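# here is my input; please provide its structure:
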Amino acid sequence: MAQNTGLKQVIIVGAGPSGLILGILLAKAGIHVLLLEQSAELDTNPRAAHYAPSTVRELRRCGLLKEVQEAGYMPQGVCWRTPEGGILAGISPDPSYEDAMVCLPLDKLIAILSRNLQRPHSSEIRFNHRVIDIEQDDKQAKVIVETDKGVVTLEADFVIGCDGANSLVRKSLYGDEFQGETLRSQIIATNIYYDFHKFGYWDSQFILHPQNWYLAAKITLDGLWRVTYGDIPGLTNEEYLERNAQRFAEILPGKPKPEDYKIANISPYKLHQRCVPSMRVGRVLLAADAAHLCNPFGGLGLTGGIADISSLFDCLLAIHERHADDSILDKWSEVRIRKWREIIDPMSRANFRRLWDNEVLEERDRFFDMCRRITQGGEGRQAYRAATYILDEDMSKYFKK
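Next up, the predicted model:
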């Protein structure tokens, strides 16, 4: 492809955290952003979201970290427990760390991001815009979009799919192909009001057990907790919902009855480990869940998605300012897929298996030893800080004018 002479417009599909953060960064750099969202409004599901240091750094680059911190809270450590409550290992927070993790339900983060994306004159969000096809040549990409006023065609220098696991942009490129596997595990994600702290629970913990494993993490200061647990594979969603009270009585501390807690929402879902063969096809790019999936344990899906768009922004800005030609996007795709294959996929699998698989006891012990070294401070803490940025990549070393 010929070298670009400055980007006139970028279309981003999907108003999730990755698409919105990328849009804000591009708009602040003076690149016109058109963000298309197929729904009529922003996502209002209060899913848990613990933002790792690398994501915190991007929120700072957007100029929004203080607002996010004030709306959320700073979690006080994470631990791994037995079903009886005994602590096997834990990582305490580091109050001196400027990129310390912050927690804010995803719907509240998206609202903050959306408000700030629409402030610059060079950006716009359009709702009820559903991508049905994509066309492109060596100069531009076109999205054919179904709207409430009919079908329209929109043009841009690049189209970026940030539209999640069921990405319409990905399907326009690859059809139903999405390489990888669906794990034979059934997950039930819930948000509930229940006083875990009275049982001595930390703000976040993983409970280890072959059948009754789960995650319990506080997501708001008013007592809303994310509880994610496993159940028998192969049932219907209705059956999983019917089993919820039974499962809570079996696994949660205090063996609560339904009147002891309040469920804000509940959602059964499958776990996937998948990645596209390339995150670039001409002038169409895929990022975050549109490009790759992993199970949620360890937060590598969200963190990996933000790392995608962090380095993608650097590449697009370099193209815009003519510090690189658009071949840099091939290198970006290569780097991001390598990060998924070598880090995200194996690490997320290990995080999940650690909860229930007694065949990984040796690996589990090594992991817990590492947690203890981190908590002791010194070199262990410094190594942990460095590891929190392992998904990032400085793309400037690949720039060629």
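
# quick one: the helices in the stretch 51-200 of the chain, in order.
53-61, 65-71, 106-117, 168-174 (DSSP state H, counting those that start in this stretch).

# quick one: closest of the ones you listed to Tyr261.
Closest approach to Tyr261 among the helices of the stretch 51-200 of the chain is made by helix 106-117 (20.8 Å; C-beta to C-beta). Where C-beta positions appear, they are placed from N, C-alpha and C, glycine not excepted.

# send the alpha carbons of the closest one over as PDB?
Below are the C-alpha coordinates for helix 106-117, written out as PDB (Å, rounded to 0.1, in the frame of the first residue of the first chain):
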ATOM      1  CA  LEU A 106     -17.900  -1.300  33.500                       C
ATOM      2  CA  ASP A 107     -21.100   0.600  32.900                       C
ATOM      3  CA  LYS A 108     -19.800   3.600  34.900                       C
ATOM      4  CA  LEU A 109     -16.500   3.600  33.200                       C
ATOM      5  CA  ILE A 110     -18.200   3.500  29.800                       C
ATOM      6  CA  ALA A 111     -20.400   6.500  30.700                       C
ATOM      7  CA  ILE A 112     -17.300   8.500  31.700                       C
ATOM      8  CA  LEU A 113     -15.500   7.500  28.500                       C
ATOM      9  CA  SER A 114     -18.500   8.300  26.300                       C
ATOM     10  CA  ARG A 115     -18.900  11.800  27.800                       C
ATOM     11  CA  ASN A 116     -15.300  12.600  27.100                       C
ATOM     12  CA  LEU A 117     -15.200  11.200  23.600                       C
END
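
# centre of the chain to it, how far?
Chain-centre distance of helix 106-117: 15 Å, with C-alpha atoms, centre = their mean, to the nearest Å.

# tell me, what residue is most central in this protein?
Centroid-nearest residue in the chain: Leu302, 1.3 Å away (criterion: C-alpha atoms, centre = their mean).

# using the three-state scheme, assign that one.
Here Leu302 is helix, with the state taken from DSSP: H, G, I helix; E, B strand; the rest coil.

# find the nearest non-adjacent residue to it, please.
Ala49 (6.5 Å; C-beta to C-beta, 6 or more residues apart in numbering).

# I'd say the one you found and Met101 touch.
No. Counting by C-beta atoms under 8 Å, Ala49 does not reach Met101; the two are 10.5 Å apart.

# can you name the residues that contact the residue nearest to Leu302?
Taking C-beta atoms under 8 Å, 6 or more residues apart in numbering as the criterion, Ala49 is in contact with Pro17, Cys103, Leu104, Pro105, Leu106, Leu109, Ile219, Leu302.

# check the gap between it and Leu215 for me.
13 Å (C-beta to C-beta, to the nearest Å).

# my guess is the residue nearest to the centre of the chain contacts Thr55, does it?
Yes. Using C-beta under 8 Å, Leu302 is in contact with Thr55, at 7.1 Å.

# any idea of the mean pLDDT in stretch 120-136?
Stretch 120-136 shows a mean pLDDT of 92.

# tell me where the stretch 1-150 of the chain has strands.
Counting by DSSP state E, counting those that start in this stretch, the stretch 1-150 of the chain has strands at residues 9-13, 32-36, 50-51, 78-81, 87-91, 102-103, 123-126, 130-136, 141-147, 150-156.

# so which of these is nearest Met395?
That would be strand 9-13 among the strands of the stretch 1-150 of the chain, by C-beta to C-beta, at 16.7 Å.

# need the residues that contact that closest one.
19, 22-23, 26, 31-36, 131, 141, 143, 154-163, 167-169, 316.

# so what's Val143 bridging to?
For Val143, the beta-bridge partners under DSSP bridges are Ile134, Leu154.

# burial measure for it, as a count.
26 (other C-beta atoms under 10 Å).

# need the contact list for Leu64.
Contacts of Leu64 (C-beta under 8 Å, 6+ apart): Ile24, Ile112, Leu113, Asn116.

# cutoff 6 Å now
Asn116 (C-beta atoms under 6 Å, 6 or more residues apart in numbering).

# rewinding a little: gap between the residue nearest to Leu302 and Tyr193?
When Ala49 is compared with Tyr193 (using C-beta to C-beta), they lie 18 Å apart.
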